[in-house]
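Trainee: coordinates only, sequence not included:
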């Protein structure tokens with residue numbers, strides 16, 4: 001039996017998260033924070049990916065009535081753990097849904113990112129939660145229309161759950177590519193092979 005669309009996208013999603021973590025774990029704090037003239041750091045892209053992932057995982061249970069039965073109600077770790085306050089981001093305008101999306105460049109460049117291990121602890125936690133949630137998306141749910149929910153009405157419009165997942169995966173890959181490029185500028189090589 002050939003793999004389904006949902007299982008293939010979910011597998012790619014999980015593998016992409018693993019590659020991002022493997023990439024980030026090999027970096028030093030200096031490499032994470034380095035930024036050439038007017039370019040955002042790897043730390044920013046990693047944080048933004050984690051925030052967007054956190055937002056997405058909190059939205060998955062509300063995407064369809066079936067998913068809301070299969071999964072616990074969604075909650076963002078960022079807010080539940082008070083990370084904006086703990087990381088001293090609480091005075092900054094963090095963009096759409098505090099994810100870094102459409103954030104002012106100067107503010108983004110000036111964020112006081114915590115040490116690597118603290119940042120990675122958050123990334124690992126939201127990646128694991130998101131992987132659990134996307135495992136609940138079978139072929140039927142992949143093709144189901146996403147129901148309206150307050151947290152996502154300004155983010156994506158009427159589409160299927162699969163469309164939202166593919167859009168999310170595309171966004172993740174774009175930022176991962178930016179991170180690899182920034183490392184390449186620092187070391188004259190990339191790591192993802």
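Mentor: Arrived safely. This structure is a prediction, so every number in the text was calculated from the model and none was measured. Numbers count the residues shown, from 1 in each chain.

Trainee: For the protein, name the helix or strand with the lowest mean pLDDT.
Mentor: Ranked by mean pLDDT, DSSP states H and E, the weakest helix or strand in the chain is helix 105-109, scoring a mean of 88.

Trainee: immediately after it, which helix or strand?
Mentor: helix 116-134 (DSSP states H and E).

Trainee: Please compute how far that following helix lies from its chain's middle.
Mentor: 9 Å (Cα atoms, centre = their mean, to the nearest Å).

Trainee: So which residues make contact with that helix?
Mentor: 10, 13-14, 17, 20-21, 24-25, 27-29, 32, 43, 46-47, 49-50, 53-54, 56-57, 60-61, 71, 74, 77-78, 81, 83, 87, 113, 165 (Cβ atoms under 8 Å, 6 or more residues apart in numbering). The way it works is simple: take the backbone N, C-alpha and C, and place the C-beta from them, glycine included.

Trainee: If we use 6 Å, what do you get?
Mentor: Outside helix 116-134, the residues within contact range by Cβ atoms under 6 Å, 6 or more residues apart in numbering are 10, 13-14, 17, 29, 32, 50, 53-54, 57, 60, 71, 77.

Trainee: Of the residues you listed, keep whichever come out buried.
Mentor: Burial by neighbour count, 16 or more other Cβ atoms under 10 Å: within these this picks out 10, 13, 17, 32, 50, 53-54, 57, 60, 71, 77.

Trainee: ok, so of those residues, who is nearest residue 137?
Mentor: residue 10 (6.5 Å; Cβ to Cβ).

Trainee: would the closest one count as being in a helix?
Mentor: Yes - under DSSP: H, G, I helix; E, B strand; the rest coil, residue 10 falls within a helix.

Trainee: Distance check, it against residue 165.
Mentor: Residue 10 is 8 Å from residue 165, where distance means Cβ to Cβ, to the nearest Å.
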